[in-house]
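Peer 1: when you get a sec, could you give me coordinates for this:
(one chain, ligands or ions: 1)
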Amino acid sequence: MAERRESIHGQWSGRWAFILAATGSAVGLGNIWKFPYITGENGGGAFVLVYLLCIAIIGIPIMIAEVMLGRRGRRSPINTMRHLAREEQASQLWQYLGWAGVVAGFLILSYYAVIAGWAVAYIFRTASGSFTGATADGVASIFSDLVSDPERLLAWHTIFMVCTMVVVARGVRSGLEKAVRYLMPALFVLLLVLVGYAMNTDAFVAGAAFLLTPDFHALFYQSNAQGVAELTAEPLLIALGHAFFTLSLGMGAIMVYGSYLPRQASIVKTSVVIALMDTLVALLAGLAIFPIVFANGLEPGSGPGLIFQTLPIAFGHMPGGAFFGSLFFILLAFAALSSAISLIEPAVAWLVENHGFTRIYATVWIGLLSWLLGVGSIFSFNIWSGEEYQLFGKTFFDLLDYLTANIMLPLGGLLIAIFAAWQMRRSSCRDELGLTDGLVFKGWYFLIRYVSPVAVTIVFLNAIGLLTF
Ligand code: PFF
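Peer 2: The predicted model follows:
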């Protein structure tokens, strides 16, 4: 049995605090902004089905593994991996898995804060009544005015990044935990109100059918640059990547949160609860958004602006819309905040542990660098949006998103699964999970040892063109 360690950064006050914080990390822009727009771009129901499968057989088992590693190591992901590798007599190279996570978190935060800045901007837009009675065209032009103005985007990006730094600097208990306790339930209730609104539009059935009826042709045949439908497996990688992104897996965020988890809490139960809540929020967001898309003749595949061009229409027409609308964007900004703090926590914890930085100093450094990189994403929507600034047909923002969500997170998750199932002793896993050698443990072990690694490898090789069927 490993000696009982404590994290030097403190601990959650209990199991529920961890569930709230990890759900806070998981539920964010990924659920409400990204899930609907990538579902729209990839044909709807079949994509959702693949995504749900990825969550069930890959996401949940890897989440259990990641929390388990974090709680056993009780340090930042880099030091946790180094320490566990030594304890389990595995190669010291495993610490680079921790490093990859720190880098991924830093890269994701840079563009995440830009989009979160849009949500903050929309709090004020909605509150000022700009959307009252607005048409789809009016709402679209308000959106394009915002994203084509780099100075305004920079201001919102800066405001969001400063808020993130303030919360992280305050530490595990007083900062992170307090921020999520009331916000998550409120966001959930407001999403229900929006679904209620969508139910009253004529297009509710069409929207729900788009989200829930699988059409595999629409998933696998997508238009290429010439507008010709081509067979592609890339949507599978996007669904897989999004399963990691939405559950905050593969980069140490959940590992570092796990390192603050009290010893008695059940890792399996908490992971399942977190994944279920996260999935529910994404599906509710889809159910709120697609009926509005169809009721207003909008294009489901219109990309990252989708929620900013649909929900304001609803707010513009419902009674009390300015109030509900601003409340919604406030909660969205907070959901983004509770995810953003988990994106820099691994790097901050490492600087504190290894370089003697104070928490505040570490946060300021990481936040500042990530803020600077974010400027590239800001320009992707305006002065760098032209083809001459693109690589592989992608803007700087698209490239960062693709690299992190579709490549770094799945690879990080794959390595976490391999470490847990092939490098750690089976008895260490059982000890940390607090399980007997019964069905639950055996089922998890099988998924993590064979199913997740094989599935991630196949999807990955296939999508990057090294394996064709
Ligand atoms: N899970 C967050 C979301 O869905 O918005 C994004 C995220 C947070 C990804 C933390 C990765 C991470 F480590």
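Peer 1: what number of residues lie near the one residue in the stretch 201-350 of the chain that gets nearest to the ligand?
Peer 2: Nearest to the ligand, among the residues of the stretch 201-350 of the chain, is Ala253, at 3.1 Å (C-beta to the nearest ligand atom). Where C-beta positions appear, they are placed from N, C-alpha and C, glycine not excepted. The local packing count at Ala253 equals 28, with neighbours defined by other C-beta atoms under 10 Å.
Peer 1: isn't it up against Glu345?
Peer 2: Yes - with the criterion set as C-beta atoms under 8 Å, Ala253 and Glu345 qualify as a contacting pair; they are 6.6 Å apart.
Peer 1: show me whatever sits in contact with both of the two.
Peer 2: Taking C-beta atoms under 8 Å, 6 or more residues apart in numbering as the contact rule, the neighbours common to Ala253 and Glu345 are Gly105.
Peer 1: whichever strand or helix holds Ala322: how far from the chain's middle?
Peer 2: Using DSSP states H and E, Ala322 falls within helix 321-355. A distance of 11 Å separates the centroid of the chain from that of helix 321-355, by C-alpha atoms, centre = their mean, to the nearest Å.
Peer 1: that older thread, residues contacting the closest residue to the residue of the stretch 201-350 of the chain closest to the ligand other than its chain neighbours?
Peer 2: Excluding its sequence neighbours, the residue lying closest to Ala253 (C-beta to C-beta, 6 or more residues apart in numbering) is Ser342, at 4.1 Å. When contacts are counted by C-beta under 8 Å, 6+ apart, Ser342 is found next to 21, 24-25, 105, 176, 248, 253-254, 256-257.
Peer 1: check which helix or strand Ile416 maps to.
Peer 2: Under DSSP H and E, the secondary-structure element containing Ile416 is helix 409-418.
Peer 1: quick check: mean pLDDT of that helix?
Peer 2: The pLDDT scores in helix 409-418 average 96.
Peer 1: so which elements touch that helix?
Peer 2: Counting contacts by 3 or more C-beta pairs under 8 Å, 6 or more residues apart in numbering; DSSP states H and E, the secondary-structure elements packed against helix 409-418 are helix 60-73, helix 95-127, helix 234-246, helix 452-463.
Peer 1: mind doing that once more with 10 Å?
Peer 2: In terms of contacts (3 or more C-beta pairs under 10 Å, 6 or more residues apart in numbering; DSSP states H and E), helix 409-418 is packed against helix 60-73, helix 77-87, helix 95-127, helix 234-246, helix 253-258, helix 452-463.
Peer 1: ok now that helix, how far from the chain's centre?
Peer 2: Between the centre of helix 409-418 and the centre of its chain there are 16 Å (C-alpha atoms, centre = their mean).
Peer 1: quick one on the thing from earlier: can you list the buried residues in the helix holding Ala322?
Peer 2: Along helix 321-355, these residues count as buried under the neighbour rule (16 or more other C-beta atoms under 10 Å): 321-322, 324-353.
Peer 1: repeat for stretch 145-164
Peer 2: Taking 16+ other C-beta under 10 Å as the basis for neighbour counts, the residues of stretch 145-164 that come out buried are 146-147, 150, 152-154, 156-157, 159-161, 163-164.
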